[in-house]
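Build me a model from this:
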Amino acid sequence: MNEIIMQQILAIRDSGESNMFDIPIVTSIALREGYIELVEYLKRNKEAYGHFILTGKDKKIT
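The predicted model follows:
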C-alpha cells in the first residue's frame, strides 16, 4: 500500500459515511471522490485492506 492509497482510506474513514468493512460502499465512495488508486487496490487486496482497517498497519503482500 502506498501513501496515496493510505490517505484515501483515511479520508473516507474520517468522512464517517460508511462502515469501513463494507467494501462495496467504500468502493462507491472512492469512485465518487475520484480515488481510482483505492478502487484498484480494493479489487486486488481485500485481505491487506482489512488488515489495515483492523491494525492501522500495512500488510506486506508476498
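
Would you mind pulling the contact partners of the helix or strand in which residue 47 is found?
Using DSSP states H and E, the element containing residue 47 is helix 46-55. Helix 46-55 is contacted from outside by 1, 6, 9, 20, 21, 23, 41, 42, 57, 58, 59, 61, using CB atoms under 8 Å, 6 or more residues apart in numbering. For glycine as for every other residue, the C-beta is placed from the backbone atoms N, C-alpha and C.

Could you point out which of those residues is nearest to residue 30?
residue 42 (7.2 Å; CB to CB).

Next one, pLDDT for that closest one please.
The score at residue 42 is 97. That number is its pLDDT.

Leaving out chain neighbours, which residue sits closest to it?
Spatially, and ignoring its direct neighbours in sequence, residue 42 is nearest to residue 27 (5.4 Å; CB to CB, 6 or more residues apart in numbering).

Next secondary structure element downstream of the host helix or strand of that neighbour?
Taking DSSP H and E as the definition, one finds residue 27 inside helix 23-33. Toward the C-terminus, helix 23-33 is succeeded by helix 36-44 as the next helix or strand (DSSP H and E).

Report the buried residues of that next one.
Buried residues in helix 36-44, counting neighbours by 16 or more other CB atoms under 10 Å, are found at 38, 39, 41, 42.

which residues touch the third one?
What it means is residue 41. Taking CB under 8 Å, 6+ apart, we find residue 41 in contact with 1, 5, 49.

same check, this time on the last one
Under the criterion of CB under 8 Å, 6+ apart, the contact partners of residue 42 comprise 23, 26, 27, 30, 49.

Pull the most distant pair out of the buried residues of helix 36-44.
Taking CB to CB as the measure, the buried residues of helix 36-44 span a maximum distance of 7.3 Å, between 39 and 41.

And the pLDDT for the residue nearest the centre of the chain?
Closest residue to the average C-alpha location of the chain: residue 9 at 4.2 Å, with CA atoms, centre = their mean. Residue 9 is assigned 97 on the pLDDT scale.

What of residue 58?
Among the per-residue scores, residue 58 shows a pLDDT of 87.
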